[in-house]
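S.K.: Sharing a model that was predicted from the sequence below.
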Amino acid sequence: MESQRQNVGILAMDIYFPASCVQQEALETYDGASKGKYTIGLGQECMAFCTELEDVISMSLTVVTSLLDKYGVDPKQIGRLEVGSETVIDKSKSIKTWLMRIFEDCGNSDVEGVDSTNACYGGTAALFNCVNWVESSSWDGRYGLVVCTDSAVYAEGPARPTGGAAAIAMLIGPNAPIAFESKYRGTHMAHVYDFYKPNLASEYPVVDGKLSQTCYLMAVDSCYKRFCSKYEKFEGKQFSVLDADYVAFHSPYNKLVQKSFARLVFNDYLRNARSVGEDAKAKLAPFLALNGDESYQNRDLEKVSQQVAKQLYDMKVQPSTLLPKQVGNMYTASIYAAFASIIHNKHKSLEGQRVLMFSYGSGLASTMFSLKLHDGELPFSLSNIANVLGLSKKLESRHVFSPENFVENMHLMEHRYGGKGFVTGGDKNLLSNGTFYLTEVDSAYRRFYAKKSETGVANGTTIHENGIANGH
Ligand code: ACO
């Protein structure tokens with residue numbers, strides 16, 4: 001098996017995000033924010049959200065069945081399934097066990113893995129688990145499958161426009177067109193209260209927005225330094241942003257991504273790396289003496305480093321910003337949606353290219369790692385992945401809600417959160433064929449889902465949580 005285990009990584013991807021969305025410009029006006037605050041200030045365009053018909057389980061069921069179907073993968077070929085999520089539906093029963101219905105129906109209950117949780121980092125932990133499994137002595141030759149699924153919602157206030165929702169599925173195995181360069185990972189973990197969910201009666205987090213921004217930028221610096229030093233140790237030469245063809249960040253909102261890339265360039269300047277030319281050096285020189293803490297608060301440095309980084313940002317980061325700007329913060333799925341945007345925009349010219357990835361989850365856990373891309377062969381080729389993702393069609397076929405309807409929906413979801421004994425209403429016409437949706441939560445909190453069929457009527461593929469009735 002050793003000889004088969006080259007280039008372990010992502011063989012196939014699919015994404016699902018709700019068709020329901022609200023325009024940031026309209027939300028800005030509705031919230032009474034100053035014009036441009038959400039669109040220019042945060043850099044966001046639109047935000048997806050779950051109506052009462054959808055949740056992290058339904059989105060995961062949708063994206064997993066879609067991936068298996070579109071790439072022709074038999075559910076029996078999956079040996080490990082890992083889910084990353086921070087959206088709590090049940091404090092014990094994992095989302096992974098829900099997805100087992102797809103595999104059990106095909107006679108496959110031999111599937112390792114459960115859920116990983118730490119804010120937006122859980123998906124990366126799940127991905128590393130699967131990649132490590134394929135690279136380990138316990139690998140049985142089957143595929144790994146990773147699902148990142150979240151509904152990001154905030155209470156009324158300044159954080160609300162930084163929500164979003166999506167689920168991404170990634171098939172893991174050897175000879176992948178998207179291969180891990182596992183040696184170069186740089187990680188930074190710490191204990192902070194920047195964003196957390198201590199109130200189990202509410203779906204909303206407690207957020208210290210300003211602290212979360214600083215923690216994020218400090219994590220970018222720390223991970224980048226470690227990534228560079230590992231690269232230098234193994235390659236015997238210095239790393240700079242020029243060695244990455246593209247960069248995908250965890251993307252809570254676009255402005256933070258712009259600031260983060262500027263931080264990488266400022267780091268390159270401090271390390272005297274080749275990405276920073278003489279003109280840029282002169283512009284950044286006044287900030288050389290700032291200590292770490294001062295540099296995070298210095299607005300002039302922020303402005304000048306973004307100016308200096310602008311050209312490289314347009315080349316290396318802008319192609320990753322499509323989904324994060326259009327769908328919003330997808331928590332665990334966010335960084336992989338940024339990556340999917342690169343595949344969508346550039347799939348014809350990615351042979352041999354490197355993508356630098358930065359994953360951040362509050363609390364905090366963060367890692368920078370890199371992926372090496374190859375065209376690959378059908379069905380696991382980059383062009384087929386772009387085709388299956390079908391981002392243009394998915395974005396075009398969305399339904400834009402008014403801010404009033406969006407807020408009404410938030411109120412209903414607040415009321416429903418943690419509830420039992422209800423049947424969902426809602427407009428199923430907004431769901432595309434093949435989408436799973438919540439039909440009922442019974443008096444024992446058991447959830448029931450159905451799949452929308454070609455005719456637009458539930459086709460009897462109802463999935464019951466019948467395991468719980470018989471005990472755990
Ligand atoms: N036109 C243009 N720009 C504007 C306007 C305007 N009318 N008004 C404000 N801005 C700019 C501000 O200058 C600021 O930009 P800057 O950072 O470059 O200065 C930006 O818009 C945001 O304005 P703030 O006043 O800083 O926004 P506020 O503090 O109200 O909220 C925040 C922003 C903190 C990000 C909030 O949305 C939040 O808490 N979000 C959730 C936390 C989060 O996403 N953290 C990121 C990492 S952790 C994670 O992923 C969950």
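M.R.: Arrived safely.

S.K.: how about the nearest residue to Thr124 once chain neighbours are set aside, phi and psi?
M.R.: Setting aside the residues directly before and after it, Thr124 is nearest to Ser359 in space (C-beta to C-beta, 6 or more residues apart in numbering), at 4.0 Å. Backbone N, C-alpha and C define where each C-beta goes, glycine included. Main-chain torsions, Ser359, degrees, to the nearest 10: phi -110, psi 130.

S.K.: Was I right to think Ser359 contacts Phe339?
M.R.: No: here Ser359 lies out of contact with Phe339, judged by C-beta atoms under 8 Å, at a distance of 10.4 Å.

S.K.: So which of those two has more stuff around it?
M.R.: Legend: neighbour count by other C-beta atoms under 10 Å for Ser359 and Phe339, higher for Ser359 (28 against 23).

S.K.: ok, that one - contacts?
M.R.: Contacts for Ser359 (C-beta atoms under 8 Å, 6 or more residues apart in numbering) come out as 120-121, 123-124, 250, 335, 366-369.

S.K.: Kindly recompute the last result at 6 Å.
M.R.: The contact partners of Ser359, taken as C-beta atoms under 6 Å, 6 or more residues apart in numbering, are 121, 124, 250, 335, 367.

S.K.: before we move on, the earlier item: can you tell me how far the residue nearest to Thr124 sits from the ligand?
M.R.: 11 Å (C-beta to the nearest ligand atom, to the nearest Å).

S.K.: Report the beta-bridge partner residues of that residue.
M.R.: Beta-bridge pairing for Ser359 (DSSP bridges): Thr367.

S.K.: So His415: helix, strand or coil?
M.R.: With DSSP: H, G, I helix; E, B strand; the rest coil as the basis, the three-state label of His415 is helix.

S.K.: what about it, distance to Asn433?
M.R.: Using C-beta to C-beta, to the nearest Å, one gets 29 Å for the distance from His415 to Asn433.

S.K.: In the stretch 301-450 of the chain, which residue sits closest to the ligand?
M.R.: Taking C-beta to the nearest ligand atom, the ligand has its nearest neighbour within the stretch 301-450 of the chain at Ser362, 4.8 Å off.

S.K.: no, scratch that, I was asking about the stretch 201-350 of the chain
M.R.: Gly209 (2.5 Å).

S.K.: burial count for that residue?
M.R.: Neighbours of Gly209 (other C-beta under 10 Å): 14.

S.K.: then stretch 324-338 to PDB, C-alphas only?
M.R.: Taking C-alpha atoms only, stretch 324-338 is exported to PDB below (Å, rounded to 0.1, in the frame of the first residue of the first chain):
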ATOM      1  CA  PRO A 324     -17.000  34.400   1.200                       C
ATOM      2  CA  LYS A 325     -18.300  37.800  -0.100                       C
ATOM      3  CA  GLN A 326     -21.500  36.300  -1.500                       C
ATOM      4  CA  VAL A 327     -22.400  33.700   1.100                       C
ATOM      5  CA  GLY A 328     -20.800  35.300   4.200                       C
ATOM      6  CA  ASN A 329     -18.900  33.600   7.100                       C
ATOM      7  CA  MET A 330     -19.500  29.900   6.800                       C
ATOM      8  CA  TYR A 331     -17.500  29.200  10.000                       C
ATOM      9  CA  THR A 332     -15.800  25.700   9.400                       C
ATOM     10  CA  ALA A 333     -16.600  25.800   5.700                       C
ATOM     11  CA  SER A 334     -15.300  29.300   5.200                       C
ATOM     12  CA  ILE A 335     -11.700  28.600   4.300                       C
ATOM     13  CA  TYR A 336     -12.700  25.700   2.000                       C
ATOM     14  CA  ALA A 337     -15.300  27.900   0.300                       C
ATOM     15  CA  ALA A 338     -12.500  30.400  -0.300                       C
END
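
S.K.: average pLDDT across that stretch?
M.R.: When pLDDT is averaged over stretch 324-338, the result is 98.

S.K.: got the domain boundaries for the protein?
M.R.: 2-178+395-470, 183-329+338-375 (automatic domain parsing).

S.K.: Convert stretch 257-264 to PDB, retaining C-alpha atoms only.
M.R.: The C-alpha coordinates for stretch 257-264 follow below in PDB (Å, rounded to 0.1, in the frame of the first residue of the first chain):
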ATOM      1  CA  VAL A 257      -8.800  39.000   4.700                       C
ATOM      2  CA  GLN A 258      -7.300  42.200   3.100                       C
ATOM      3  CA  LYS A 259      -5.600  43.100   6.400                       C
ATOM      4  CA  SER A 260      -4.400  39.500   6.800                       C
ATOM      5  CA  PHE A 261      -2.600  39.300   3.500                       C
ATOM      6  CA  ALA A 262      -1.100  42.800   4.200                       C
ATOM      7  CA  ARG A 263       0.300  41.200   7.400                       C
ATOM      8  CA  LEU A 264       2.000  38.400   5.400                       C
END
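
S.K.: Check what pLDDT the residue nearest to Thr124 gets.
M.R.: 98.

S.K.: And for Val457?
M.R.: pLDDT, Val457: 47.

S.K.: Over to Cys46?
M.R.: 98.

S.K.: Would you agree it is in contact with Gly328?
M.R.: No: under the criterion of C-beta atoms under 6 Å, Cys46 is not in contact with Gly328, lying 7.4 Å apart.

S.K.: Which one's more surrounded, these two?
M.R.: Per other C-beta under 10 Å, whichever of Cys46 and Gly328 has more neighbours is Gly328, with 31 against 20.

S.K.: Just list whatever residues bridge to the closest residue to that one other than its chain neighbours.
M.R.: For Gly328, ignoring the flanking residues on the chain, the nearest one in space by C-beta to C-beta, 6+ apart is Gly164 at 2.5 Å. Counting by DSSP bridges, Gly164 is bridged to Ala152.

S.K.: Next, the contact list for Gly164, please.
M.R.: Residues counted as contacts of Gly164 (C-beta under 6 Å, 6+ apart) are 47-48, 152, 327-330.

S.K.: need these in JSON lines with distance to Met100, can you?
M.R.: Shown next, in JSON lines, are the contacts of Gly164 (distance: C-beta to C-beta, whole Å):
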{"residue": "Met47", "distance to Met100": "31"}
{"residue": "Ala48", "distance to Met100": "27"}
{"residue": "Ala152", "distance to Met100": "25"}
{"residue": "Val327", "distance to Met100": "27"}
{"residue": "Gly328", "distance to Met100": "29"}
{"residue": "Asn329", "distance to Met100": "28"}
{"residue": "Met330", "distance to Met100": "23"}
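
S.K.: Which ones among those residues lie within strands?
M.R.: With DSSP state E as the criterion, strands contain 47-48, 152 from among the contacts of Gly164.

S.K.: pLDDT on the lengthiest helix in the chain, on average?
M.R.: When the chain is parsed with DSSP state H, its longest helix is helix 209-235. Averaging pLDDT along helix 209-235 gives 97.

S.K.: Which residue, other than its chain neighbours, is closest to the residue of the stretch 51-200 of the chain found nearest the ligand?
M.R.: Closest residue of the stretch 51-200 of the chain to the ligand, C-beta to the nearest ligand atom: Pro158 (3.2 Å). Distance criterion C-beta to C-beta, 6+ apart; nearest residue to Pro158, sequence neighbours excluded, is Gly209 at 6.4 Å.
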